[in-house]
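Trainee: coords please:
(one chain, ligands or ions: 3)
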Amino acid sequence: MKYIIKNGTIVSGKETKTADILLEDGMIEKVEENLTNTPIAIDAKIIDASGKYVFPGFIDAHTHFDLEVSGTVTADDFETGTKAAIVGGTTLVIDFATQNKGETLKEASSNWHKKAEGRCSCDYAFHMAISDWNQEARRQIADMMEEGITTFKLYMTYPAMILNDGEIYEVLKELKKYGTFAGVHCENAPLIDAFIAEKKAKGHLGPDSHPLCRPPQVEAEAIHRLLVIAKEADNPVMVVHTTSKAAMEEIEIARAKGQKVYAETCPQYLLLDDSYFSLPDFKGANYVCSPPMRKSADQDYLWEALKLDEIQTISTDHCSFTTEQKKMGIHDFTKIPNGMPGVETRGELMYTYGVGQGKITLEQMCRLLSETPARLYGCYPQKGCIAPGSDGDITIIDPHKTKTIRAEKQMQNVDYAPFEGFEIKGCVDSVFLGGKLVVEDGKLVKANQGRFISRRQPELL
Ligand code: DUC
Ligand code: ZN
Ligand code: ZN
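Mentor: Ligands and ions are numbered 1, 2, ... in the order given. Here you go, the predicted model:
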């Protein structure tokens, strides 16, 4: 099927313009004015996008689907997670293939391919999370690059995945040889353990203790340390899920000294605060994620950083558990599986509360959700771009359409919605994936069209 998306306001990282888009054979064939008046239009289906915003499909570069955490498995697997992603306008997720200790990187990659293959309703790619650094892992970085798994992830906390500072240094230095970088989860693990021991000794075992054991300084210290390590390794690094003013300040100081540092944040750190951890009836557990949400002053600081282009990407850290799973920690907050859903709501939240409230521009939204992740993660201009030759991945937002976020209406396989009751003004209307119309009027009409995206080396912006 051939489509012409007519008269939409096409958004790029640089500008907005009104034009028509011809989609054919999975690709964007033409972006020109008045295509519907040409012979090309005869056998094309016309989609009228007048008054709507036409974005390159959104990329969520931070999801955890079908991941084992704390003795349970995330509620969303690749089937439910990518259905939620696509109705939210995300046409590519980059999930974390995770090496368990004792496994090789190739085994981890093969495990993740098995989890995802044939089940995805949006395109998917993998970063490789290295949890066991040894000679074999070092050798297999080359294999990962060959396979199109061209970016990596390291954890400075979580016993199952943590690497020490020396190991992080070695990995970052090795990645430099391949012209690539890692995203790093920055928290000071021993300090968290000491704070937890104090809370437990006092009998403070509820979810409200969670943020107190992982305060902003625990994150900021780890970021500082990571940036010292990255400087020694002489390689750029991505600080994932940046939550706070203290965290951003560490990044800004390093940048001021000439270091290349990328920063990612997530909607929960922009729109939710730490008061959610104190919700009654164990509802605070639904918000337990690491690092935790902060104060409203931190939110303001992050919005300002977005406005100043100091943050490069907005992803979700989608890592969902049902309220039943969260109950694993009913008597001990450290047993609550960490993570929240979010893959479905990111685009609409960022449009409504970012663009709609004048905090970011349409062009910035395009850079944060599409163009920059595509560049940094080695798939631009195949993704992240509306231009002839790019994949036919398009997300159309209707700025006049409204809704209220409700758990019972969501595709995410969870019985609660972290943004329950949030009003949306600017809904995902239609989504094209590989030139196919897969979401119409906000509803999934064609499932299972996703394919694996083998990526190239990043653009080290
Ligand atoms: N944080 C979470 O809350 N969940 C998954 C992984 C992470 O870093
Ligand atoms: Zn993390
Ligand atoms: Zn994560």
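
Trainee: and the residue lying closest to Pro267 once chain neighbours are set aside, its phi and psi?
Mentor: Computed as CB to CB, 6 or more residues apart in numbering, the closest residue to Pro267 that is not its neighbour in sequence is Leu349, at 4.8 Å. Glycine gets a C-beta too; all of them are placed from N, C-alpha and C. Per-residue torsions, Leu349: phi -70, psi -40 (degrees, to the nearest 10).

Trainee: roughly how far apart are Leu349 and ligand 1?
Mentor: 18 Å (CB to the nearest ligand atom, to the nearest Å).

Trainee: next, count neighbours for that residue.
Mentor: 24 (other CB atoms under 10 Å).

Trainee: hang on, it packs against Glu423?
Mentor: No: using CB atoms under 8 Å, Leu349 is not in contact with Glu423; the gap is 10.4 Å.

Trainee: contacts only, for the residue of the stretch 101-250 of the chain found nearest ligand 1.
Mentor: The stretch 101-250 of the chain approaches ligand 1 most closely through His185 (4.9 Å), counting by CB to the nearest ligand atom. When contacts are counted by CB atoms under 8 Å, 6 or more residues apart in numbering, His185 touches 153-158, 240-241, 290.

Trainee: where's it relative to Asp132, distance?
Mentor: 16 Å (CB to CB, to the nearest Å).

Trainee: and Gly118, by the same measure?
Mentor: With the distance defined as CB to CB, Gly118 ends up 28 Å from Asp132.

Trainee: those two: which has the busier surroundings?
Mentor: Legend: neighbour count by other CB under 10 Å for Gly118 and Asp132, higher for Asp132 (18 against 10).

Trainee: grab the nearest non-local neighbour of that one.
Mentor: Lys101 is the one closest to Asp132 (CB to CB, 6+ apart), at 4.6 Å.

Trainee: the one you found against Tyr158, yeah?
Mentor: No: at 11.5 Å, Lys101 does not count as touching Tyr158 under the criterion of CB under 8 Å.

Trainee: neighbour count: those two, which is higher?
Mentor: More neighbours surround Tyr158 than the other of Lys101 and Tyr158, with 16 against 10 (other CB under 10 Å).

Trainee: check which helix or strand covers the more buried one.
Mentor: Using DSSP states H and E, Tyr158 sits in no helix or strand.

Trainee: any idea how far the residue of the stretch 351-461 of the chain at minimum distance from ligand 1 lies from Leu92?
Mentor: Residue nearest to ligand 1 within the stretch 351-461 of the chain (CB to the nearest ligand atom): Pro418, separated by 11.6 Å. Look at Pro418 and Leu92: by CB to CB, they are 22 Å apart.

Trainee: more crowded one of these two?
Mentor: Leu92 (31 against 23).
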